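Trainee: Need the 3D shape of this:
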Amino acid sequence: IMRAEDIFRNDYKSMMVMANHNNAYGWFPITKCWRSKPQEQTIKIKTKFGREIIVTANHPILTEGNVWTEAKNISIGTRIGIPKIFRDDGKIPDILSTIPTENTDDWVVEVKDPDEYASENKEHIVNIIEISGRYARDKRYKNGHADKHLWKYKQNNRFWLPVMNGIPPNSTLFPYRSNVGIRSEISLTQDLLWLIGFYIAEGCISKPKHSDNYVTVFASDLKFLEKAKKILGDVLVDSKPTIVWCKQSPTLRINCNVLPYLLRNIIGIPDGKARQKALPDWALELPLDMLRHVLQGMYDGDGCKQNKEWFDYSTTSKTLAEQVLFILLRFGIVGSLNRANTKLNGKTYGIGYRIGAFGMSSMHISEWDSALTQRIQSRYESDVAWAPVNNIENVNSPEWVYDISVDTAENFVTGNLITAHNCYSE
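Mentor: Okay, the predicted model is just below:
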């Protein structure tokens, strides 16, 4: 999910955008993105589903009857088009390679048969040792002592990553001077997908002062922490995640640099605080039978499970809130998005976002990838739902406004999932 400004500043001709064509939604290539000074008043339109769109008064929006209506002619009660379902088979991701491509000096590799590997690659390994910056200053390595270092590798069963001539299958990588490692290849199992969602909801990474190791912390219900602990034990090698109690609440802590590396560099979760949390783009494109495990992990962390007839999820990240809306849409669920103050112990800590949905034939996320239906309190036609407008207000105009031209469809869906046309046909 990208802002139009970010699309404009990047190579937009290689990007796809969601758009409506014949009352069905799909991916269409962007043919042009441009910006201009606003010529008319800027308007914010909000629907009963909490969806908002901020546009200039002349910007056309899809309204009931498949009519493109300029924003200035929309009034309270007008029904505007939002997607009811996004039909996409998804993409099955490849097995993840965990082999670092940067800062390789900081890693060592444990192989199953060190003697065989050393024998087959001796010339290559000795040559790298002799010319490497780490050992070039030591004249002993130029006098045959590189062989002794090779012997040391075999004894420890760990080879310095830069000397490796290819990584054997099923090897284990360790950060330098660390006993916690990770396999060179890992599969996106159901458990790992759940853990990704659970980390998005309940995890954080910090680095204590005077420590070389990062600390990853999960705070949640004990039964979910026990599940996360088991999964971490399976994904990482020789990890020792522990559950501790802090102010009568359990937390799961793991002291190592491998897990942050996996989450940030391999899985691709953006680094940042709670308000910057987001899923990696590939996760939004998963097949439904895999995507449901990510959503389940998120819901187990940040979902409200008291209401058995509602899907209720809260976050302080606007990007994550819009991603959850899109995930629901992939399952054929129309969700609502509303802002709410974040409160704890009676104190207000800022704006948060609440995503809700009801009327589903099943409230079990594990069943959402098969024959799910939803009753929505709104009229719809094919894959388009008509959401009534319940608020319109003028807002301050930005310095620039942006527009997108889309091949064939000539419309696009905004981050809040409202269907808008481009202002000018170019």
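
Trainee: ok, the residue most central in space within the chain - contacts?
Mentor: Nearest residue to the geometric centre of the chain (C-alpha atoms, centre = their mean): Leu279, 1.1 Å. By C-beta atoms under 8 Å, 6 or more residues apart in numbering, the residues touching Leu279 are Ile196, Ile200, Ile269, Val294, Leu320, Gln323. The way it works is simple: take the backbone N, C-alpha and C, and place the C-beta from them, glycine included.

Trainee: before we move on, what about Glu52?
Mentor: Counting by C-beta under 8 Å, 6+ apart, Glu52 touches Lys44, Ile45, Lys46, Asn416, Ile418.

Trainee: now with 7 Å?
Mentor: Lys44, Ile45, Lys46, Asn416 (C-beta atoms under 7 Å, 6 or more residues apart in numbering).

Trainee: Run through the bridge partners of the third one.
Mentor: This means Lys46. Judged by DSSP bridges, the bridge partners of Lys46 are Glu52, Asn391.

Trainee: does it really touch Ala387, like I thought?
Mentor: No: judged on C-beta atoms under 7 Å, Lys46 makes no contact with Ala387 at a distance of 9.7 Å.

Trainee: These two: who's more crowded?
Mentor: Taking neighbours as other C-beta atoms under 10 Å, Lys46 and Ala387 compare with Ala387 leading, 26 against 19.

Trainee: Packing partners of the helix or strand encompassing that one?
Mentor: Following DSSP states H and E, one finds Ala387 within strand 384-395. Contacts defined by 3 or more C-beta pairs under 7 Å, 6 or more residues apart in numbering; DSSP states H and E place strand 384-395 against strand 42-47, strand 79-83.

Trainee: what's the weakest-modelled helix or strand in this structure?
Mentor: Within the chain, no helix or strand scores below helix 146-156, which has a mean of 73 by mean pLDDT, DSSP states H and E.

Trainee: got a list of contacts for the strand holding Ala387?
Mentor: So strand 384-395 is contacted by 20, 23, 41-49, 51, 54, 64, 74, 76-84, 334, 376, 378-380 (C-beta under 7 Å, 6+ apart).

Trainee: Give the residue spans of the protein that score low on pLDDT.
Mentor: Within the chain, the segments meeting pLDDT under 70 span 132-149, 306-307, 342-346, 348-350, 423-426.

Trainee: all helices for it, in order.
Mentor: 4-9, 114-120, 122-131, 146-156, 190-202, 222-235, 258-261, 281-284, 288-302, 318-330 (DSSP state H).

Trainee: For Ile355, find the nearest of these.
Mentor: helix 318-330 (4.9 Å; C-beta to C-beta).

Trainee: Give me the contacts around the closest one.
Mentor: With C-beta under 7 Å, 6+ apart, helix 318-330 has contacts from 1, 83, 85-86, 88, 200, 277-279, 284, 288, 291, 295, 313, 315, 335, 337, 353, 355, 357, 415-417.

Trainee: Not counting sequence-adjacent ones, nearest residue to Asn121?
Mentor: Asn165 (4.4 Å; C-beta to C-beta, 6 or more residues apart in numbering).

Trainee: still on that earlier bit, may I see the helices and strands packed on strand 384-395 organised as CSV, with distance to Ile182 added?
Mentor: Converted to CSV, the helices and strands packed on strand 384-395 look like this (distance: least, C-beta to C-beta, whole Å):
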stretch, distance to Ile182
strand 42-47, 45
strand 79-83, 39
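
Trainee: closest to Asn157 out of those strands?
Mentor: Asn157 lies closest, by C-beta to C-beta, to one member of the helices and strands packed on strand 384-395: strand 79-83, at 54.1 Å.

Trainee: in that closest one, what's buried?
Mentor: For strand 79-83, burial by neighbour count (16 or more other C-beta atoms under 10 Å) applies to Arg79, Ile80, Gly81, Ile82, Pro83.

Trainee: and the fourth one, what does it touch?
Mentor: This points to Ile82. By C-beta under 7 Å, 6+ apart, the residues touching Ile82 are Phe49, Arg51, Ala385, Ala387, Leu417, Ile418, Thr419.

Trainee: Is it bridged to anything, and to what?
Mentor: Per DSSP bridges, the residues bridged to Ile82 are Ala385.

Trainee: one step back: what is the nearest of the contacts of Leu279 to Ser178?
Mentor: Ile269 (20.8 Å).

Trainee: coming back round to it: in terms of contact, does the residue nearest to Asn121 touch His124 like I think?
Mentor: Yes: counting by C-beta under 7 Å, His124 is a contact partner of Asn165 at 4.4 Å.

Trainee: relative orientation of the strand holding Ala387 and strand 79-83 in degrees?
Mentor: Per axes from the mean of the first three to the mean of the last three C-alpha atoms, to 10 degrees, the angle that strand 384-395 makes with strand 79-83 is 120 degrees.

Trainee: Quick check: the gap between the residue nearest to Asn121 and Ile131.
Mentor: In this view, Asn165 and Ile131 are 14 Å apart by C-beta to C-beta, to the nearest Å.

Trainee: For these two, indicate the residue with more neighbours.
Mentor: Between Asn165 and Ile131, Asn165 has the larger neighbour count (other C-beta under 10 Å), namely 14 against 11.

Trainee: how close does Ser119 sit to Asp113?
Mentor: Taking C-beta to C-beta as the measure, Ser119 falls 9 Å from Asp113.

Trainee: just Phe224 next, same as before
Mentor: Taking C-beta to C-beta as the criterion, Phe224 is separated from Asp113 by 39 Å.

Trainee: Those two: which has the busier surroundings?
Mentor: Between Phe224 and Asp113, Phe224 has the larger neighbour count (other C-beta under 10 Å), namely 19 against 11.

Trainee: Just give the closest residue to the more buried one, not the sequence neighbours.
Mentor: Of all residues not flanking Phe224 in the chain, Asp300 sits nearest, at 5.1 Å (C-beta to C-beta, 6+ apart).

Trainee: shouldn't that neighbour be in contact with Leu225?
Mentor: No: contact status for Asp300 versus Leu225: not in contact, 10.4 Å apart, counting by C-beta under 7 Å.
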